[in-house]
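Engineer: Quick one: sequence and predicted model below, then my questions.
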Amino acid sequence: MAQKSKLVHKKFIEIASENNHIKFLKLLNLLDPIKLTDRSNHELSLKLFIIRTVIGQQVSVKAADAVWDRVKPLLEGDTLDPVSIENVGLSRMKKIYVQGIYDYFSKNKFSRSFLKKCSEEELKNIFLDIKGIGPWTLNIIRMFYICDEDIWLPEDLIIKKSLIHYFDIKKDKDVSGLYSPYKTYFCMYLWSGSKFFK
């Protein structure tokens with residue numbers, strides 16, 4: 001995977017140079033190659049991965065980690081007592097989502113190898129009817145649980161801000177397409193690049 005990240009980094013430098021993406025090229029030269037495994041966690045089950053992802057939505061990384069540390073010990077076994085997640089720092093809606101996701105994936109098991117073979121439509125059918133899992137969450141599952149290298153997150157706020165900062169979005173309307181088939185890596189570079197203009 002380290003070798004792959006180096007190859008992708010080199011490829012991105014070539015693409016940025018060819019397309020005159022000067023700001024993004026400078027960013028690439030500042031950053032070390034980013035590995036997909038930096039964000040993937042193969043120790044978590046699908047159920048726990050999704051719950052952790054939902055906990056992290058719309059809060060800081062520090063706050064999400066603190067809540068996760070309180071919630072994770074409660075997620076052992078196949079039942080989750082709603083009372084146990086009352087005072088762990090979750091909003092009312094997130095409590096509902098966590099309970100629903102927990103109940104659903106305790107009854108319905110999907111292996112990583114099975115999900116890797118599913119089409120985009122099949123993945124939508126599995127996940128999008130579950131409360132708390134929308135298109136953004138599904139794409140995070142595809143990126144960092146299934147490890148699909150070519151997922152794009154145009155609705156992500158940090159991605160939008162990074163695109164505006166590093167590219168001429170009027171001129172480069174479909175800039176993500178240039179960085180295919182490694183759009184997941186492209187997202188990761190844009191996320192990493194956001195720290196330089198905050």
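Structural biologist: Happy to help now that I have it.
Engineer: Now do the strands in the chain.
Structural biologist: Counting by DSSP state E, the chain yields no residue ranges for strands.
Engineer: So, low pLDDT: which residues of this protein?
Structural biologist: For the chain, applying pLDDT under 70 flags the ranges 1, 198.
Engineer: Which residue in it shows the largest distance from the geometric centre?
Structural biologist: Val83 (29.1 Å; C-alpha atoms, centre = their mean).
Engineer: now that one: how far from Gly100?
Structural biologist: Going from Val83 to Gly100 by C-beta to C-beta, to the nearest Å gives 16 Å. Yep, even glycine has a C-beta here, placed from its N, CA and C like the rest.
Engineer: ok, now which ones touch Phe144?
Structural biologist: Neighbouring residues of Phe144 by C-beta atoms under 8 Å, 6 or more residues apart in numbering: Leu36, Arg39, Ser40, Asn41, Phe49.
Engineer: let's see it at 6 Å
Structural biologist: Shown in contact with Phe144 (C-beta atoms under 6 Å, 6 or more residues apart in numbering): Arg39, Ser40.
Engineer: where's the residue most central in space within the chain relative to Met188, distance?
Structural biologist: Nearest to the mean C-alpha position of the chain, by C-alpha atoms, centre = their mean, lies Ile140 at 3.2 Å. Distance, Ile140 to Met188, by C-beta to C-beta: 12 Å.
Engineer: same question, Leu138
Structural biologist: If you measure Leu138 against Met188 using C-beta to C-beta, the figure is 17 Å.
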